[in-house]
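> Have a look at this fold, sequence not included:
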RNA sequence: GGUGGGGUGGGUGAGUGGUUAAUACCAGCAGACUGUAAAUCUGCCGCCUUGACUGGCUACGCAGGUUCGAAUCCUGCCCCCACCA
(Lines give C-alpha, C1' and ligand atoms only; values in the text may rest on other atoms or scores of the structure.)
Protein backbone atom coordinates (compact mmCIF):
# COMPACT_ATOMS: atom_id res chain seq x y z
CA UNK A 1 0.00 0.00 0.00
CA UNK A 2 1.24 3.45 -0.85
CA UNK A 3 2.04 5.48 2.24
CA UNK A 4 2.32 9.16 2.68
CA UNK A 5 5.94 10.16 2.29
CA UNK A 6 7.37 13.64 2.72
CA UNK A 7 10.51 14.76 0.96
CA UNK A 8 12.08 18.17 1.43
CA UNK A 9 13.23 19.67 -1.83
CA UNK A 10 14.44 23.15 -1.03
CA UNK A 11 14.65 25.61 1.79
CA UNK A 12 15.33 29.27 2.32
CA UNK A 13 15.79 30.25 5.91
CA UNK A 14 13.03 28.49 7.81
CA UNK A 15 10.80 28.40 4.73
CA UNK A 16 10.86 25.19 2.75
CA UNK A 17 9.44 23.39 -0.26
CA UNK A 18 8.57 19.74 -0.12
CA UNK A 19 6.74 16.96 -1.84
CA UNK A 20 4.16 14.89 -0.08
CA UNK A 21 3.39 11.58 -1.79
CA UNK A 22 -0.02 10.15 -1.02
CA UNK A 23 -2.02 7.20 -2.31
CA UNK A 24 -4.01 9.73 -4.32
CA UNK A 25 -1.12 11.57 -5.84
CA UNK A 26 1.64 13.99 -4.92
CA UNK A 27 1.24 17.35 -3.25
CA UNK A 28 3.72 20.18 -3.40
CA UNK A 29 4.19 22.05 -0.17
CA UNK A 30 3.61 24.61 1.16
CA UNK A 31 0.02 23.81 0.29
CA UNK A 32 -3.29 25.43 1.02
CA UNK A 33 -6.09 22.89 1.47
CA UNK A 34 -9.66 24.14 1.03
CA UNK A 35 -12.11 22.83 3.57
CA UNK A 36 -14.95 20.54 2.61
CA UNK A 37 -16.46 19.84 5.98
CA UNK A 38 -19.47 17.89 4.77
CA UNK A 39 -17.66 16.13 1.94
CA UNK A 40 -17.93 19.18 -0.29
CA UNK A 41 -15.94 22.35 -0.56
CA UNK A 42 -18.99 24.55 -0.27
CA UNK A 43 -20.25 25.81 -3.62
CA UNK A 44 -17.39 24.30 -5.66
CA UNK A 45 -17.36 21.12 -7.71
CA UNK A 46 -14.29 18.85 -7.82
CA UNK A 47 -13.43 19.74 -11.42
CA UNK A 48 -13.51 23.42 -10.49
CA UNK A 49 -11.15 22.77 -7.59
CA UNK A 50 -8.79 20.92 -9.88
CA UNK A 51 -8.93 23.75 -12.39
CA UNK A 52 -7.68 26.25 -9.82
CA UNK A 53 -4.86 24.00 -8.70
CA UNK A 54 -6.26 22.76 -5.41
CA UNK A 55 -4.48 19.50 -4.73
CA UNK A 56 -5.61 18.47 -1.29
CA UNK A 57 -8.96 18.95 0.47
CA UNK A 58 -10.30 18.50 3.98
CA UNK A 59 -13.37 16.79 5.30
CA UNK A 60 -14.65 16.57 8.85
CA UNK A 61 -15.08 13.48 10.97
CA UNK A 62 -17.65 14.91 13.38
CA UNK A 63 -19.93 16.19 10.64
CA UNK A 64 -19.67 13.11 8.45
CA UNK A 65 -20.15 10.88 11.46
CA UNK A 66 -23.49 12.61 12.03
CA UNK A 67 -24.49 12.73 8.40
CA UNK A 68 -24.45 10.55 6.38
CA UNK A 69 -22.49 8.25 8.68
CA UNK A 70 -19.17 6.50 8.13
CA UNK A 71 -20.67 3.11 7.32
CA UNK A 72 -22.67 4.52 4.45
CA UNK A 73 -19.62 6.31 3.07
CA UNK A 74 -17.57 3.11 3.37
CA UNK A 75 -20.35 1.16 1.69
CA UNK A 76 -20.35 3.63 -1.19
CA UNK A 77 -16.66 3.14 -1.77
CA UNK A 78 -15.09 5.55 0.70
CA UNK A 79 -14.86 9.32 0.88
CA UNK A 80 -12.90 9.79 -2.37
CA UNK A 81 -15.49 8.04 -4.47
CA UNK A 82 -18.39 9.43 -2.44
CA UNK A 83 -17.44 13.05 -3.10
CA UNK A 84 -15.84 12.30 -6.46
CA UNK A 85 -12.51 13.82 -5.48
CA UNK A 86 -9.68 11.55 -6.57
CA UNK A 87 -6.93 13.71 -5.09
CA UNK A 88 -5.64 13.53 -1.53
CA UNK A 89 -8.06 14.08 1.34
CA UNK A 90 -7.35 14.89 4.99
CA UNK A 91 -10.01 14.37 7.61
CA UNK A 92 -10.08 16.58 10.65
CA UNK A 93 -10.87 14.57 13.72
CA UNK A 94 -13.63 16.62 15.28
CA UNK A 95 -11.20 18.33 17.61
CA UNK A 96 -12.23 21.72 16.31
CA UNK A 97 -15.84 20.99 17.27
CA UNK A 98 -14.63 20.90 20.87
CA UNK A 99 -14.24 24.65 20.40
CA UNK A 100 -16.95 25.51 17.88
CA UNK A 101 -19.61 23.44 19.64
CA UNK A 102 -18.29 24.16 23.11
CA UNK A 103 -21.77 24.66 24.51
CA UNK A 104 -22.89 21.27 23.25
CA UNK A 105 -20.14 19.03 24.57
CA UNK A 106 -18.59 17.61 27.69
CA UNK A 107 -15.05 16.32 27.96
CA UNK A 108 -13.79 13.57 30.22
CA UNK A 109 -10.70 11.43 30.04
CA UNK A 110 -12.39 8.80 27.90
CA UNK A 111 -13.60 11.20 25.23
CA UNK A 112 -16.01 13.98 24.26
CA UNK A 113 -19.76 13.69 24.55
CA UNK A 114 -21.56 15.92 22.07
CA UNK A 115 -25.19 16.85 21.95
CA UNK A 116 -25.74 16.73 18.21
CA UNK A 117 -26.21 20.20 16.75
CA UNK A 118 -28.55 18.58 14.22
CA UNK A 119 -31.10 16.73 16.32
CA UNK A 120 -29.89 16.94 19.90
CA UNK A 121 -29.06 13.28 20.27
CA UNK A 122 -26.08 12.38 22.38
CA UNK A 123 -23.00 10.97 20.71
CA UNK A 124 -19.63 10.14 22.11
CA UNK A 125 -16.31 10.45 20.35
CA UNK A 126 -13.15 8.98 21.81
CA UNK A 127 -9.66 8.75 20.36
CA UNK A 128 -10.39 5.15 19.49
CA UNK A 129 -13.79 5.73 17.91
CA UNK A 130 -12.48 8.68 15.93
CA UNK A 131 -9.71 6.49 14.52
CA UNK A 132 -12.32 3.93 13.53
CA UNK A 133 -14.50 6.53 11.84
CA UNK A 134 -11.55 8.10 10.04
CA UNK A 135 -10.51 4.64 8.84
CA UNK A 136 -13.96 4.08 7.41
CA UNK A 137 -13.94 7.46 5.71
CA UNK A 138 -10.60 6.50 4.19
CA UNK A 139 -8.84 9.83 3.81
CA UNK A 140 -5.13 9.81 2.96
CA UNK A 141 -4.33 11.66 6.14
CA UNK A 142 -6.26 11.25 9.38
CA UNK A 143 -5.86 13.67 12.25
CA UNK A 144 -5.51 12.71 15.89
CA UNK A 145 -8.39 13.64 18.20
CA UNK A 146 -7.35 16.66 20.25
CA UNK A 147 -9.03 19.06 22.64
CA UNK A 148 -7.93 22.60 21.82
CA UNK A 149 -8.73 25.23 24.45
CA UNK A 150 -10.68 28.30 23.46
CA UNK A 151 -9.08 31.73 23.45
CA UNK A 152 -10.22 33.37 26.64
CA UNK A 153 -9.93 30.30 28.85
CA UNK A 154 -7.43 30.36 31.67
CA UNK A 155 -3.98 28.74 31.75
CA UNK A 156 -5.24 25.91 33.94
CA UNK A 157 -7.42 24.78 31.08
CA UNK A 158 -4.62 25.19 28.51
CA UNK A 159 -2.49 22.89 30.59
CA UNK A 160 -5.21 20.31 31.09
CA UNK A 161 -6.23 20.26 27.46
CA UNK A 162 -2.62 20.04 26.31
CA UNK A 163 -1.82 17.12 28.61
CA UNK A 164 -5.02 15.40 27.55
CA UNK A 165 -4.18 15.95 23.88
CA UNK A 166 -0.81 14.27 24.50
CA UNK A 167 -2.43 11.24 26.14
CA UNK A 168 -5.01 11.03 23.42
CA UNK A 169 -2.31 11.27 20.75
CA UNK A 170 -0.81 8.04 22.05
CA UNK A 171 -4.21 6.40 22.17
CA UNK A 172 -4.84 7.50 18.59
CA UNK A 173 -1.51 6.04 17.51
CA UNK A 174 -2.34 2.71 19.14
CA UNK A 175 -5.83 2.64 17.65
CA UNK A 176 -4.87 3.72 14.16
CA UNK A 177 -4.71 0.66 11.92
CA UNK A 178 -5.47 1.51 8.31
CA UNK A 179 -2.38 0.83 6.26
CA UNK A 180 -3.08 3.14 3.33
CA UNK A 181 -3.72 6.10 5.63
CA UNK A 182 -1.33 8.04 7.79
CA UNK A 183 -2.09 9.66 11.09
CA UNK A 184 -0.85 13.14 11.96
CA UNK A 185 -0.41 14.27 15.55
CA UNK A 186 -1.51 17.64 16.82
CA UNK A 187 0.32 19.72 19.37
CA UNK A 188 -1.27 22.34 21.59
CA UNK A 189 0.22 24.36 24.44
CA UNK A 190 -2.38 27.04 24.86
CA UNK A 191 -1.09 30.60 24.63
CA UNK A 192 2.24 30.18 26.35
CA UNK A 193 5.36 29.94 24.19
CA UNK A 194 7.24 27.54 26.46
CA UNK A 195 4.22 25.26 26.73
CA UNK A 196 3.84 25.42 22.96
CA UNK A 197 7.42 24.32 22.38
CA UNK A 198 7.08 21.64 25.02
CA UNK A 199 3.93 20.26 23.44
CA UNK A 200 5.53 20.29 19.99
CA UNK A 201 8.51 18.33 21.29
CA UNK A 202 6.26 15.86 23.12
CA UNK A 203 3.97 15.18 20.18
CA UNK A 204 6.96 15.29 17.84
CA UNK A 205 8.62 12.45 19.70
CA UNK A 206 5.73 10.01 19.38
CA UNK A 207 6.56 8.88 15.86
CA UNK A 208 3.83 10.55 13.80
CA UNK A 209 4.71 10.91 10.09
CA UNK A 210 3.43 14.49 10.20
CA UNK A 211 2.45 17.06 12.80
CA UNK A 212 -0.07 19.82 13.12
CA UNK A 213 -0.10 22.96 15.19
CA UNK A 214 -3.53 23.14 16.75
CA UNK A 215 -5.39 25.60 18.89
CA UNK A 216 -4.42 28.74 16.99
CA UNK A 217 -6.47 31.22 14.97
CA UNK A 218 -9.28 30.65 17.42
CA UNK A 219 -9.87 34.33 18.11
CA UNK A 220 -6.59 35.35 19.68
CA UNK A 221 -4.95 38.60 18.55
CA UNK A 222 -2.17 38.49 15.97
CA UNK A 223 0.50 39.53 18.43
CA UNK A 224 -0.31 36.31 20.27
CA UNK A 225 -0.80 34.10 17.22
CA UNK A 226 2.61 34.59 15.61
CA UNK A 227 4.79 34.07 18.69
CA UNK A 228 2.80 30.93 19.51
CA UNK A 229 3.11 29.71 15.95
CA UNK A 230 6.84 30.32 15.95
CA UNK A 231 7.24 28.46 19.21
CA UNK A 232 5.30 25.45 17.96
CA UNK A 233 6.84 25.25 14.49
CA UNK A 234 10.34 25.72 15.83
CA UNK A 235 10.04 22.66 18.05
CA UNK A 236 8.47 20.22 15.59
CA UNK A 237 10.63 17.71 13.68
CA UNK A 238 12.07 19.20 10.47
CA UNK A 239 11.86 16.05 8.43
CA UNK A 240 8.08 15.71 8.67
CA UNK A 241 5.35 17.95 7.29
CA UNK A 242 4.24 20.75 9.59
CA UNK A 243 0.61 21.61 9.25
CA UNK A 244 -0.92 24.74 10.77
CA UNK A 245 -4.59 24.06 11.33
CA UNK A 246 -7.17 26.72 10.59
CA UNK A 247 -4.88 29.38 9.16
CA UNK A 248 -6.03 31.08 5.98
CA UNK A 249 -5.65 34.86 5.93
CA UNK A 250 -3.11 35.63 3.18
CA UNK A 251 -0.82 37.63 5.47
CA UNK A 252 -0.92 34.80 8.01
CA UNK A 253 0.07 32.22 5.41
CA UNK A 254 2.99 34.31 4.21
CA UNK A 255 4.24 34.68 7.78
CA UNK A 256 3.68 31.01 8.61
CA UNK A 257 5.53 29.75 5.54
CA UNK A 258 8.39 31.98 6.56
CA UNK A 259 8.33 30.31 9.96
CA UNK A 260 8.58 26.84 8.41
CA UNK A 261 4.99 25.67 7.91
CA UNK A 262 4.11 23.29 5.08
CA UNK A 263 0.37 22.82 5.12
CA UNK A 264 -2.68 24.96 5.81
CA UNK A 265 -6.41 24.60 5.77
CA UNK A 266 -9.05 27.23 6.31
CA UNK A 267 -12.70 27.93 5.70
CA UNK A 268 -11.87 31.58 5.12
CA UNK A 269 -11.73 31.71 1.30
CA UNK A 270 -15.00 29.86 0.87
CA UNK A 271 -16.80 31.50 3.75
CA UNK A 272 -15.68 34.95 2.63
CA UNK A 273 -16.80 34.07 -0.85
CA UNK A 274 -20.26 33.11 0.31
CA UNK A 275 -20.42 36.21 2.46
CA UNK A 276 -19.46 38.52 -0.37
CA UNK A 277 -15.79 39.26 0.31
CA UNK A 278 -12.78 38.62 -1.89
CA UNK A 279 -9.01 38.75 -1.77
CA UNK A 280 -6.96 41.15 -3.84
CA UNK A 281 -3.21 41.80 -3.76
CA UNK A 282 -4.06 44.99 -1.89
CA UNK A 283 -6.20 43.35 0.75
CA UNK A 284 -9.67 42.01 1.40
CA UNK A 285 -12.70 43.76 -0.11
CA UNK A 286 -16.49 43.50 0.16
CA UNK A 287 -18.05 43.05 -3.26
CA UNK A 288 -21.33 44.72 -2.34
CA UNK A 289 -19.64 48.08 -1.75
CA UNK A 290 -21.17 50.79 -3.92
CA UNK A 291 -17.75 51.62 -5.38
CA UNK A 292 -17.81 48.36 -7.36
CA UNK A 293 -21.14 49.02 -9.05
CA UNK A 294 -19.65 49.94 -12.40
CA UNK A 295 -16.12 48.53 -12.08
CA UNK A 296 -15.21 46.99 -15.43
CA UNK A 297 -11.96 45.41 -14.26
CA UNK A 298 -11.87 41.87 -12.84
CA UNK A 299 -11.64 41.30 -9.08
CA UNK A 300 -7.88 40.90 -9.38
CA UNK A 301 -6.08 41.79 -12.59
CA UNK A 302 -3.21 39.49 -11.73
CA UNK A 303 -5.45 36.46 -11.11
CA UNK A 304 -5.80 33.67 -13.63
CA UNK A 305 -8.97 32.07 -12.27
CA UNK A 306 -12.07 31.57 -14.40
CA UNK A 307 -13.87 34.33 -12.54
CA UNK A 308 -11.17 36.92 -13.11
CA UNK A 309 -10.56 35.86 -16.72
CA UNK A 310 -14.24 36.13 -17.55
CA UNK A 311 -16.22 38.60 -15.48
CA UNK A 312 -16.09 42.23 -14.44
CA UNK A 313 -16.18 43.24 -10.80
CA UNK A 314 -19.44 45.04 -11.64
CA UNK A 315 -20.99 41.73 -12.71
CA UNK A 316 -19.97 40.03 -9.46
CA UNK A 317 -21.31 43.03 -7.56
CA UNK A 318 -24.61 42.63 -9.41
CA UNK A 319 -24.81 38.87 -8.83
CA UNK A 320 -24.24 39.22 -5.11
CA UNK A 321 -26.66 42.13 -4.77
CA UNK A 322 -29.46 40.22 -6.40
CA UNK A 323 -28.47 37.11 -4.44
CA UNK A 324 -27.71 34.89 -7.38
CA UNK A 325 -25.76 31.82 -6.24
CA UNK A 326 -23.32 32.10 -9.12
CA UNK A 327 -21.88 35.16 -7.43
CA UNK A 328 -21.04 33.22 -4.28
CA UNK A 329 -19.59 30.40 -6.32
CA UNK A 330 -17.37 32.67 -8.38
CA UNK A 331 -16.14 34.55 -5.31
CA UNK A 332 -15.35 31.25 -3.58
CA UNK A 333 -13.53 30.06 -6.67
CA UNK A 334 -11.44 33.21 -6.85
CA UNK A 335 -10.60 33.21 -3.15
CA UNK A 336 -9.42 29.62 -3.14
CA UNK A 337 -7.40 30.27 -6.28
CA UNK A 338 -5.88 33.32 -4.60
CA UNK A 339 -4.52 31.21 -1.72
CA UNK A 340 -3.48 28.31 -3.95
CA UNK A 341 -1.58 30.73 -6.15
CA UNK A 342 -0.09 32.43 -3.11
CA UNK A 343 1.41 29.06 -2.17
CA UNK A 344 2.63 28.53 -5.74
CA UNK A 345 4.42 31.87 -5.58
CA UNK A 346 5.80 31.08 -2.12
CA UNK A 347 7.23 27.79 -3.38
CA UNK A 348 8.83 29.51 -6.35
CA UNK A 349 10.32 32.13 -4.04
CA UNK A 350 11.80 29.48 -1.74
CA UNK A 351 13.27 27.61 -4.69
CA UNK A 352 14.78 30.87 -5.89
CA UNK A 353 16.19 31.59 -2.43
CA UNK A 354 14.17 34.80 -2.34
CA UNK A 355 11.47 34.14 0.21
CA UNK A 356 12.14 37.18 2.34
CA UNK A 357 11.95 39.46 -0.67
CA UNK A 358 8.73 37.79 -1.75
CA UNK A 359 7.18 38.15 1.71
CA UNK A 360 8.35 41.74 1.97
CA UNK A 361 6.80 42.55 -1.39
CA UNK A 362 3.52 40.79 -0.68
CA UNK A 363 3.09 42.24 2.80
CA UNK A 364 4.08 45.66 1.49
CA UNK A 365 0.99 45.65 -0.74
CA UNK A 366 -1.53 43.55 1.18
CA UNK A 367 -3.35 45.88 3.60
CA UNK A 368 0.05 47.21 4.74
CA UNK A 369 -1.50 49.50 7.33
CA UNK A 370 -3.53 46.80 9.04
CA UNK A 371 -2.49 45.49 12.42
CA UNK A 372 -2.65 42.00 10.98
CA UNK A 373 -0.09 42.67 8.25
CA UNK A 374 2.13 44.60 10.63
CA UNK A 375 2.24 41.61 12.96
CA UNK A 376 2.97 39.30 10.03
CA UNK A 377 5.94 41.49 9.10
CA UNK A 378 7.07 41.52 12.68
CA UNK A 379 6.90 37.72 12.82
CA UNK A 380 9.29 37.61 9.86
CA UNK A 381 11.41 40.51 11.19
CA UNK A 382 10.70 42.51 8.05
C1' G B 1 -74.84 57.20 -6.20
C1' G B 2 -74.61 53.93 -1.49
C1' U B 3 -71.90 51.08 2.32
C1' G B 4 -67.42 49.70 4.52
C1' G B 5 -62.06 50.05 4.96
C1' G B 6 -57.78 53.02 4.47
C1' G B 7 -53.98 57.23 3.64
C1' U B 8 -47.26 56.74 8.72
C1' G B 9 -40.26 58.28 7.41
C1' G B 10 -37.17 55.46 -0.02
C1' G B 11 -40.81 50.75 -0.04
C1' U B 12 -44.03 47.23 2.78
C1' G B 13 -46.14 48.03 7.33
C1' A B 14 -46.72 48.47 13.33
C1' G B 15 -48.40 52.10 16.48
C1' U B 16 -54.94 54.64 18.49
C1' G B 17 -53.56 60.89 23.81
C1' G B 18 -47.71 61.53 26.73
C1' U B 19 -41.88 57.16 28.20
C1' U B 20 -42.33 58.32 19.70
C1' A B 21 -37.54 60.87 15.35
C1' A B 22 -41.69 56.92 15.71
C1' U B 23 -41.70 48.64 16.19
C1' A B 24 -40.45 45.22 12.35
C1' C B 25 -38.95 43.75 7.56
C1' C B 26 -36.96 45.32 2.78
C1' A B 27 -34.00 48.69 0.18
C1' G B 28 -29.60 51.83 1.06
C1' C B 29 -24.35 52.77 3.53
C1' A B 30 -20.44 50.28 5.91
C1' G B 31 -17.94 46.46 8.93
C1' A B 32 -16.77 41.46 10.57
C1' C B 33 -15.75 36.40 9.23
C1' U B 34 -9.25 31.85 10.20
C1' G B 35 -9.03 22.78 11.71
C1' U B 36 -17.54 25.64 8.83
C1' A B 37 -24.24 24.73 13.65
C1' A B 38 -22.44 30.61 8.72
C1' A B 39 -25.18 32.00 0.95
C1' U B 40 -24.01 34.29 8.14
C1' C B 41 -23.66 38.09 11.75
C1' U B 42 -23.11 43.33 13.43
C1' G B 43 -23.54 48.69 13.18
C1' C B 44 -25.68 53.04 10.75
C1' C B 45 -29.99 54.52 8.23
C1' G B 46 -35.37 62.47 8.58
C1' C B 47 -32.39 67.30 8.27
C1' C B 48 -28.78 70.41 10.46
C1' U B 49 -25.37 70.91 14.47
C1' U B 50 -21.38 69.09 18.16
C1' G B 51 -15.38 66.77 20.59
C1' A B 52 -19.72 64.17 22.58
C1' C B 53 -24.40 58.87 24.34
C1' U B 54 -24.49 67.45 22.51
C1' G B 55 -28.09 71.04 20.81
C1' G B 56 -31.85 72.42 17.45
C1' C B 57 -35.43 71.91 13.40
C1' U B 58 -39.05 69.41 10.55
C1' A B 59 -42.31 65.05 10.39
C1' C B 60 -47.39 60.36 10.32
C1' G B 61 -52.72 62.97 3.07
C1' C B 62 -54.30 68.65 3.48
C1' A B 63 -56.58 72.53 6.53
C1' G B 64 -58.57 73.77 11.04
C1' G B 65 -60.01 72.42 16.13
C1' U B 66 -60.00 69.94 21.29
C1' U B 67 -55.98 69.26 25.01
C1' C B 68 -50.87 71.08 29.51
C1' G B 69 -49.66 67.53 25.51
C1' A B 70 -51.95 64.46 19.19
C1' A B 71 -49.49 60.07 14.17
C1' U B 72 -53.22 58.79 17.82
C1' C B 73 -59.63 62.50 19.54
C1' C B 74 -63.21 66.07 16.60
C1' U B 75 -64.72 68.87 11.89
C1' G B 76 -64.16 69.84 6.74
C1' C B 77 -61.67 68.73 2.28
C1' C B 78 -58.62 65.64 -1.10
C1' C B 79 -57.13 60.79 -2.60
C1' C B 80 -57.05 55.19 -2.67
C1' C B 81 -59.31 50.20 -2.15
C1' A B 82 -63.43 46.57 -1.65
C1' C B 83 -68.42 45.45 -2.11
C1' C B 84 -73.42 47.01 -3.52
C1' A B 85 -76.23 49.72 -7.32
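Arrived safely, thanks for sending. Just so it is clear, the structure is predicted and the values come from calculations on it, not from any experiment. Residues are numbered from 1 along each chain as shown, chains lettered A, B, ... in the order given.

> Show me what from the stretch 51-200 of chain A comes close to RNA strand B.
Residues of the stretch 51-200 of chain A lying close to RNA strand B by Cβ under 7 Å from any atom of the strand are A:58, A:60, A:63, A:92-93, A:95-97, A:99-101, A:103-104, A:117, A:143, A:146, A:148, A:186. Every residue, glycine included, has its C-beta placed from N, CA and C.

> no wait, the stretch 201-350 of chain A
By Cβ under 7 Å from any atom of the strand, the part of the stretch 201-350 of chain A that sits against RNA strand B consists of A:212, A:214-215, A:217-219, A:222, A:245-249, A:252, A:265-268, A:270-272, A:274-277, A:284, A:286, A:288-291, A:293, A:321, A:323, A:325, A:328.

> I'd like the distance between the spatially closest residue to residue A:197 that is not a sequence neighbour and residue A:23.
In this structure, residue A:197 finds its nearest non-sequential neighbour in residue A:235, 4.1 Å apart by Cβ to Cβ, 6 or more residues apart in numbering. According to Cβ to Cβ, to the nearest Å, residue A:235 stands 29 Å off from residue A:23.

> quick one: which of these two has more around it?
Neighbour count, other Cβ atoms under 10 Å: between residue A:235 and residue A:23, residue A:235 has more, with 22 against 17.

> For that one, grab phi and psi.
Backbone torsions of residue A:235, given as degrees, to the nearest 10, read phi -110, psi 0.

> Run through chain A and note the low-pLDDT ranges.
For chain A, applying pLDDT under 70 flags the ranges A:1-2.

> make it 50
Flagging of chain A using pLDDT under 50 yields the residue ranges A:1.

> tell me, what residue is most central in it?
The geometric centre of chain A, computed from its C-alpha atoms, lies nearest to residue A:265 (Cα atoms, centre = their mean), at 1.3 Å.

> Pretty sure that one sits against residue A:37.
No - Residue A:265 is beyond contact range of residue A:37, at 10.4 Å (criterion: Cβ atoms under 8 Å).

> who touches both of those two?
residue A:58 (Cβ atoms under 8 Å, 6 or more residues apart in numbering).

> after the longest helix along chain A comes which helix or strand?
Looking across chain A with DSSP state H, the single longest helix is helix A:325-351. Under the assignment DSSP states H and E, the closest C-terminal helix or strand after helix A:325-351 is helix A:355-365.

> now the strands for the stretch 1-150 of chain A?
A:5-12, A:15-22, A:25-29, A:31-34, A:57-60, A:89-92, A:105-108, A:111-115, A:122-125, A:141-143 (DSSP state E, counting those that start in this stretch).

> before we move on, what about the stretch 151-300 of chain A?
A:182-187, A:211-213, A:242-244, A:263-266, A:277-280, A:283-286.
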